[in-house]
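Peer 1: Here is the input, now give the coordinates:
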Amino acid sequence: MVEVMKRRIIIIAALVLTSCAGMQGFNSDLPAREVGSLPTDAFGDSVVGEDPVIAAMNAATYAFAHPGAMQGEPADMALAIASLEAMAGQFATGGRWTGMDSLAKMQMLDARAKVRVVLGVAPDADCQDVIDGLVGAAQAIKCNDPAGARLALGGAEFTKGPDTTLRLLAHFPPVPAANVATQTASRYLYPMGGSDFGNMM
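Peer 2: Down below sits the predicted model:
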């Protein structure tokens, strides 16, 4: 009986060590096509003087926490998805984020993959192309330029075509993994609870 217990303890300890090693050994060497950044004018004048990371996480966290509020708001949804696209890669590779919990980084990458499936973005699409297309569409929508929005989403990375993609952006379904990931990442940015993106109005 004692020997059995010893073996169980050894096995459990080995599993714990393996799990910890896996988290500490998070691979941040993403291919270049999986890392992108938001254009400096992505949010226009609404975030002048604000840290671009905070602006991006504001957009993404609110949108995925409140999918009902995003219905009929394709421009805002496009910016939220573009923000998720950008920050998932930035958190995984940027030196500024070396202290971020590995689980948060992996959740963001997983959320990006799940959102891509819903929107119809090719899994091997270049991240920057996706970001530029979504931001371009958002800006065109805000300028009441439907032709420009369709043009922005006309690239091969958007596999459902511009019209279907625009309809999806206007009526985007809940993506629980994206909600969890953005909430977790936001808590890292505001460790003292200085902001509650999930309850923003």
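Peer 1: And stretch 136-152, what's buried?
Peer 2: 136, 137, 138, 139, 140, 141, 149, 150, 152 (16 or more other C-beta atoms under 10 Å). Any C-beta I mention is one placed from the backbone N, CA and C, and that applies to glycine too.
Peer 1: Tell me the one among those nearest to residue 185.
Peer 2: Comparing the buried residues of stretch 136-152 against residue 185 with C-beta to C-beta picks out residue 138 as the nearest, at 21.2 Å.
Peer 1: one step back: same list (the buried residues of stretch 136-152) but as JSON lines, adding secondary structure.
Peer 2: Formatted as JSON lines, the buried residues of stretch 136-152 follow (DSSP: H, G, I helix; E, B strand; the rest coil):
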{"residue": "136", "secondary structure": "helix"}
{"residue": "137", "secondary structure": "helix"}
{"residue": "138", "secondary structure": "helix"}
{"residue": "139", "secondary structure": "helix"}
{"residue": "140", "secondary structure": "helix"}
{"residue": "141", "secondary structure": "helix"}
{"residue": "149", "secondary structure": "helix"}
{"residue": "150", "secondary structure": "helix"}
{"residue": "152", "secondary structure": "helix"}
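Peer 1: Make TSV out of those residues and add pLDDT and distance to residue 178.
Peer 2: TSV is the format used below for the buried residues of stretch 136-152 (pLDDT from 0 to 100; distance: C-beta to C-beta, whole Å):
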residue	pLDDT	distance to residue 178
136	97	21
137	98	19
138	97	17
139	96	22
140	97	24
141	97	21
149	98	22
150	98	25
152	97	22
